[in-house]
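J.: output the structure for:
(chains A, B and C, ligands or ions: 3)
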Amino acid sequence: MNETHHRVTLTVNGVVREATVPGRRLLSDCLRHDLGLTGTHVGCEHGVCGACTVLLDGEPVRSCLTFAVTVDGQEITTVEGLAQGGALSPVQRAFTECHALQCGFCTPGFLCTVTAFLRDNPAPSEEEALEAVAGNLCRCTGYQNILKAVHRAAEIQAAEIQAAELQAEEGGA
Amino acid sequence: MKPPPFDYHRPATLGEALDVLAEAGPGGKVLAGGQSLIPLLNMRLAAPARVVDVNRVPGLDGIEAGPSGVRVGALARHAAVERSPGAAAAQPLLRQALRLVAHPVIRNRGTVVGSLVHADPAAEMPAVLALLGGAVRLASLDGEREVPAAEFFTGPMESAARPGELAVSAFFPALPARSGTAFHEVARRHGDYAVAGVAAAVTLDDDLRISAARVACVSVGPVPVVADVTAVCGPRPAASVAWDAVAAAVRDLVEPEGDIHATADYRRHLTGVLAVRALRDAASAAHGEES
Amino acid sequence: MTTRLFGEPVQRREDPRLITGRGRYLDDLGAGALAAAFVRSPHAHARILDVDVSDALDVDGLVAIYTWEDLPGALAEPLPLLIPHPALTHGRTAYPLAREIVRHVGEPVVMVVARDRYLAEDACALIRVGYEVLKPVVGLEEAAGGAHLVHDDVPGNIGAHLVQEVPGPGGETAREAVDAAPHRLEFRLDVERSACTPLEGKGVYARWDADDASLRVYSSTQTSTSVRMAIAAKLGLPLPKVEVVAPDVGGGFGVKIVHPWPEEILVPWAARLLNRELKWTEDRREHFVSSSHERGQVQHVRVGFDDDGRLLGLEVEILHDHGAYTPYGIIVPIITSTQLLGPYKVGAYRVEFSSVYTNTVQVTPYRGAGRPQGVFCMERTMDKIAAYLGRDRTEVRAANFVQPDEFPYDQGLTFQDGRPLIYDSGDYPEALRMLKELIGWDSFPEEKARAAAEGRRIGIGVGCYVEGTGVGPYEGGHVQITSDGRVHVSTGLTSQGQGHETVFAQIAATELGVPIERVSVVTGDTRRFGYAVGTFASRAAVMSGNAIALACRKVREKALRIAAEALEADPRDLEITDGMVHVAGAPSASIPLATVAVLSNPLRYAFDEEAKRATQFAGPASDDRPPVAEGEEPGLEGRDYYSPVRSTFAAGMHAAIVETDPDTAEIRILRYAVVHDCGRLINPMIVEGQIHGGVAQGVGGALYEKMVYDEHGQLLNASFMDFLMPYATEIPRIETAHLETPSPLNPLGIKGAGEAGVIPVSAVLAAAIEDAEGIPIDRMPISPSDLHTLRRSR
Ligand SMILES: Cc1cc2nc3c(=O)[nH]c(=O)nc-3n(C[C@H](O)[C@H](O)[C@H](O)COP(=O)(O)OP(=O)(O)OC[C@H]3O[C@@H](n4cnc5c(N)ncnc54)[C@H](O)[C@@H]3O)c2cc1C
Ligand code: FES
Ligand code: FES
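T.: Ligands and ions are numbered 1, 2, ... in the order given. Take a look at the predicted model:
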């Protein structure tokens, strides 16, 4: 009973990684156990909790409902890849500032989901922010501070963009 | 909760896909978005010998919208259809319904056609196809066939797609002028499958009276329950319809069952309430289109 | 001032690793370890006839298969009954792997070890267990009927039966008081099963070091010290050869306080036997069917009261469902029976419970631990009295409150810790006043009338509770200042998201006068601290917080003593600021704590700059004194324990406004308000977070979550798809206000806060729905379908 293995190449957080996996290997397990990126968590393995959410070519997907072989050749961003050059991303900073995590187990899924959401919708309304995080379960925080963090992250992101623009202007002048 | 072993195939062309599916026969399973199939595999409630991953088959992700309706390819994700302005213009019910399907992240992967083939009686897209009288196009080595919605859904989690067949697209017809649609549902949690839900389409005549009214109800039978309620609604303007009678008529048509989330009686009751809400909204949408 | 950190919303120190994916949860450890999986019973009650593993032997990567027959010595015995009680006359626990009989769906029967989890599950699927199905006992009343038995030797399925009685002021019994009261009510209440469901399941990872004959075990537990003792005992290993570490834990809420779980001893055992690293990570389905549940009770109430709604007598009979086994004793019904009293004086009280076996998953404490049921009982009683008398519901409550000048107040009962139930402090009238103001209680009738005019149904509800927190027997803390000036704090109890690293660092920084950046905290690692009880009953901050404060005070005293010698000053004139010991008012006469740490150790190898610098302070050695004087120890460290005489009692009151849809019966919470008193706040941000999380779990328990068993004992909703844990969309905005009545019982004046949020939510929402609908709500949780059924039967 030897299973056929497949060679997959994934670009994870900008780094090309390879693994040899059976067809049934879940992307979540491939990231965690084949590539050692254990920041992506697994809370249900049936698509409901969202802890395993990663970005696939920039779009959030459930890594527990994706086979690693299916996404061969594609780009993946996990929680480990959200901080750029050692600096925490606006979403990460907002989550700490607003105390939007307790045990932290759900957090990677929220961070990935919110990162993609704010990229597409940098100034969300209350309702949009709620809808954006409404597919992720958190058993600890009661969501109050997670919602706060989404708005706070939008603020930080906007301030950063503004600062960068200013700098570019000055640089150009 | 890990999937059982299977042979994995990733055909690069439609022809190759059909070859593999033909060879696999009843032991073969198509993998599209995986948002229904993989949970079943993880729980070991399904154990296909072969999984045919069609995600790399070119040409299946089309969304073609035209005056007659919208053709959705097998790899068009829920999210892509939901966002497509063309699809929304040609058949607004698609977007109305898709917003109720699971959560945005699931919609990034799940496909509309996969949802139809999966044929969950609580799912929204089968009801949409049934309401609109659309069809699913199935391909196999023997050629293609177009199965109308009325024949496509054959039972809970059962569709007319046979072993060896790939659903390549589905067609959602447009409605005549002065038509409107709406989808109302009650789910236990936001994003859950509906406890009960109703899709409605209403068409008005030149005097803005209801000339056609249909509903499709989810979670109240083995397949979407479609009912023509034109006779109870029209020909009258929406404001003077006897909505209680409409609700009663719809309730009489459905055969819900109770489960851990709701009693049969509640589902029946709710279906009446939601039918009225959906029909009224559909009627005002039809008005809106007129003005 | 950088060092006055107690009471400040200090940002969490655990966050940086958790938001970058660098947390270490159980399944993040042990890359390459073998994986365990279990064949679990598909039947609620059955006799095991045979186990056929032949097909599984072909699975590639299979390493071992074990059944009960393979277990040696103490491992083959039933799991320990952790908390015996004289009333628990028929306590029963499971075997680590089922022996002959299985008593609930999910009970482990066969353990499989393979190269990875996929393969282990493949093998499980191929193992055939033959069963003779026995009649399952499901449902409280069926169990109490006793027609069929869960355990052959437990007649009537009654595991425990306990009566507690407090006579009224005139010596009358509760029965007499109720019978003689001007008004009487009698009714039945039902609370259904729910569960903790932390987002991370359980998990165990074991490493046997054959060279050293020692075992290192990581477990996602709320009590690593006790898991360690259990492993040592069950495996026959010397305690010093076993280390247990709780890594980052992804939530617990009670379920991870139970120990040892079968897997917690089986995995280390097999790891040693195979001399291979071995890991078991519980999956979601396993967590539903083979961990613990809670809450299920039926209560029969008789109450007598006067014209003002003052209680004269209260009789409560409780039927408590403890599932198939009782490893955790009868803590839950004991807490229900005692904490039911809440902030009230009830006159004569009699409570009787029967704790019964059913063929379902065992019941052990879930956040709140029996209190939500008790509060549901008392608060429904208050509302029924108010309705009967036509009085305002808050007035009836106020009439029964223990008054601020009556503390300490003795309720006359025995609490969960075996100590008298004596409330230490509180101000209930003030809390109620604050709550009414926060929610707008007095103006609600107009709001309701306005809504009604628009065809909308809204209702308001209130609920009060008292929570015994910080139960003993003890916790300890160890504090060490090293020669680099860093402060290392450790405590044996574990953390699962409550921010202990931050809170304990705040306490240490405040006590020692050092910047918080220099403090590091380790919890739940038996290599660092061997004695602890565990994290439950809202006790972490009270117990370990106080222990750490006491340990810090010892270290501080020693530091001042050494510094005084070096500075030739009186220790009483010294202060510590920013890590420098100095003479009060004379900052120039100072010495860094780092240097003091060097001075505290007579052995002064100059490994670092600090050691070299210290030489300038080293006084001339005295010839007639040993370098380490009697009663002294080298090093600047201290250990202390905090062991309170009894629990401290936090309290709170919640109110909610709900709207019910007249057509669809959907229930929406429009507002949710909390007034909370947990004594002095160490970190208000963290306390607030605990309340939010508790309320959300309460909302889940009131409106969404229940464990649904069919008559065969099958759990019908063992997935997140059907066990409806709320998403953000289901949780209202939570408004909070704090009242601080310090506890006189402990040095920091604090009370526990971890469980409070969840306790009164079912009571509050039942009251609000009842107010909106005008239908008595006596069973929780309630779904739209349930409400619809109630409307129909009106
Ligand atoms: C948490 C969660 C919540 C959800 N909530 C909802 C909801 O509220 N409403 C709802 O409608 N859905 C819901 N879904 C399901 C989701 O919409 C799925 O995406 C959809 O039902 C199936 O689409 P898929 O592309 O993922 O199909 P897959 O999972 O890939 O396949 C499903 C089935 O269809 C077959 N199949 C798929 N595509 C084809 C094809 N082209 N030809 C032949 N056979 C095919 C497969 O073999 C399989 O049997 C939910 C899913 C999750 C995980
Ligand atoms: S682990 Fe993927 S959604 Fe829960
Ligand atoms: S922080 Fe623990 S589950 Fe979200």
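
J.: care to break the chain down by domain?
T.: Went with chain A since none was named. A:5-81, A:90-172 (automatic domain parsing).

J.: that's the other chain; I wanted chain B
T.: Per automatic domain parsing, the domain ranges recorded for chain B read B:1-53+B:63-174, B:179-290.

J.: so what's the gap between the shortest one and the chain middle?
T.: Between the mean C-alpha point of domain B:179-290 and the mean C-alpha point of its chain there is a distance of 15 Å (Cα atoms, centre = their mean, to the nearest Å).

J.: that one near ligand 2 anywhere?
T.: No. Domain B:179-290 lies out of reach of ligand 2 by Cβ under 6 Å from any ligand atom, never closer than 12.2 Å. The C-beta positions use only the backbone N, C-alpha and C, and glycine is treated the same way.

J.: can you lay out the domains of chain B as CSV showing mean pLDDT and mean neighbour count?
T.: Converted to CSV, the domains of chain B look like this (pLDDT from 0 to 100; neighbours: other Cβ atoms under 10 Å in any protein chain shown):
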stretch, mean pLDDT, mean neighbour count
domain B:1-53+B:63-174, 97, 21
domain B:179-290, 95, 21
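
J.: burial count for C:D578?
T.: Neighbour count of C:D578, defined by other Cβ atoms under 10 Å in any protein chain shown: 16.

J.: that one against C:E517, yeah?
T.: No. Applying Cβ atoms under 8 Å, one finds C:D578 not in contact with C:E517, separated by 10.9 Å.

J.: residues bridging contact with these two, i.e. touching both?
T.: Counting by Cβ atoms under 8 Å, 6 or more residues apart in numbering or on different chains, C:D578 and C:E517 have no common neighbour.

J.: wait, which of the domains of chain B is closest to C:G631?
T.: Nearest of the domains of chain B to C:G631, taken as Cβ to Cβ: domain B:1-53+B:63-174 at 58.3 Å.

J.: mind checking the end-to-end distance for that closest one?
T.: One end of domain B:1-53+B:63-174 sits 42 Å from the other (Cα to Cα, to the nearest Å).

J.: ok, that domain near chain C or not?
T.: Yes. Using Cβ under 8 Å from any Cβ of the partner chain, domain B:1-53+B:63-174 reaches chain C at B:M1, B:K2, B:P3, B:P4, B:P5, B:P39, B:M43, B:R44.

J.: biggest helix in the chain, by residue count?
T.: Assuming you mean chain A. Ranked by residue count, the top helix of chain A under DSSP state H comes out as helix A:144-172.

J.: should've been chain C
T.: Assigned via DSSP H, chain C shows its longest helix as helix C:540-567.

J.: list the helices and strands that one packs on?
T.: Under the contact definition 3 or more Cβ pairs under 8 Å, 6 or more residues apart in numbering or on different chains; DSSP states H and E, helix C:540-567 sits against strand C:475-481, strand C:487-491, helix C:500-512, strand C:574-577, strand C:580-583, strand C:586-592, helix C:593-599, strand C:636-642.

J.: I'd like those as JSON lines, with distance to chain B and mean pLDDT appended.
T.: JSON lines is the format used below for the helices and strands packed on helix C:540-567 (distance: least, Cβ to the nearest Cβ, whole Å; pLDDT from 0 to 100):
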{"stretch": "strand C:475-481", "distance to chain B": "37", "mean pLDDT": "92"}
{"stretch": "strand C:487-491", "distance to chain B": "35", "mean pLDDT": "93"}
{"stretch": "helix C:500-512", "distance to chain B": "31", "mean pLDDT": "89"}
{"stretch": "strand C:574-577", "distance to chain B": "51", "mean pLDDT": "92"}
{"stretch": "strand C:580-583", "distance to chain B": "52", "mean pLDDT": "92"}
{"stretch": "strand C:586-592", "distance to chain B": "52", "mean pLDDT": "84"}
{"stretch": "helix C:593-599", "distance to chain B": "50", "mean pLDDT": "91"}
{"stretch": "strand C:636-642", "distance to chain B": "42", "mean pLDDT": "91"}
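
J.: quick one: the strands in the stretch 201-350 of chain C?
T.: In the stretch 201-350 of chain C, the segments counted as strands under DSSP state E, counting those that start in this stretch are C:203-209, C:214-219, C:242-245, C:278-281, C:297-305, C:311-321, C:348-356.

J.: closest to chain B out of those?
T.: Among the strands of the stretch 201-350 of chain C, the nearest to chain B by Cβ to the nearest Cβ is strand C:278-281 (10.3 Å).

J.: put the alpha carbons of that closest one into PDB.
T.: Only the C-alpha atoms of strand C:278-281 are listed here, as PDB (Å, rounded to 0.1, in the frame of the first residue of the first chain):
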ATOM      1  CA  LEU C 278       5.300  10.300  19.500                       C
ATOM      2  CA  LYS C 279       2.500  12.800  19.200                       C
ATOM      3  CA  TRP C 280      -1.200  12.900  19.300                       C
ATOM      4  CA  THR C 281      -3.100  15.900  18.100                       C
END
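
J.: ok, that strand: who's next to it in the sheet?
T.: strand C:34-40 (parallel), strand C:203-209 (antiparallel) (DSSP bridges).

J.: which SS state does the residue in chain A positioned nearest to chain C fall under?
T.: Nearest residue of chain A to chain C, counting by Cβ to the nearest Cβ: A:G39, 2.0 Å away. Classification of A:G39 using DSSP: H, G, I helix; E, B strand; the rest coil returns coil.

J.: per-residue confidence for it?
T.: Note on A:G39: pLDDT of 97.

J.: just checking, it touches A:G109?
T.: No. The pair A:G39 / A:G109 is not scored as a contact, 10.2 Å apart, by Cβ under 8 Å.

J.: looking at those two, which one has more neighbours?
T.: Neighbour comparison, A:G39 and A:G109: the larger count goes to A:G109, with 30 against 26 (by other Cβ under 10 Å).

J.: for that one, give me the pLDDT.
T.: 98.

J.: now do C:Q616
T.: 62.

J.: flag every residue of chain A that's near ligand 1.
T.: A:G47, A:V48.

J.: against C:E637, how distant is the closest residue to ligand 2 within the stretch 151-291 of chain B?
T.: Closest to ligand 2 within the stretch 151-291 of chain B is B:G191: 12.2 Å, counting by Cβ to the nearest ligand atom. Note on B:G191: its distance to C:E637, by Cβ to Cβ, to the nearest Å, is 53 Å.

J.: same check on C:L681?
T.: Using Cβ to Cβ, C:L681 is found at 29 Å from C:E637.

J.: the two - which one has more neighbours?
T.: Each of C:L681 and C:E637 has its neighbours counted (other Cβ under 10 Å); C:L681 has more, 22 against 19.

J.: now the strands for the stretch 151-291 of chain B?
T.: If DSSP E, counting those that start in this stretch is used as the criterion, the strands of the stretch 151-291 of chain B fall at B:153-155, B:158-159, B:166-173, B:179-187, B:194-204, B:210-218, B:225-228.

J.: check the offset of the second one from the chain's centre.
T.: On the basis of Cα atoms, centre = their mean, the separation between the geometric centre of strand B:158-159 and that of its chain is 13 Å.

J.: just checking, what packs against that strand?
T.: Where contact means 3+ Cβ pairs under 8 Å, 6+ apart, strand B:158-159 is packed against helix B:112-118.
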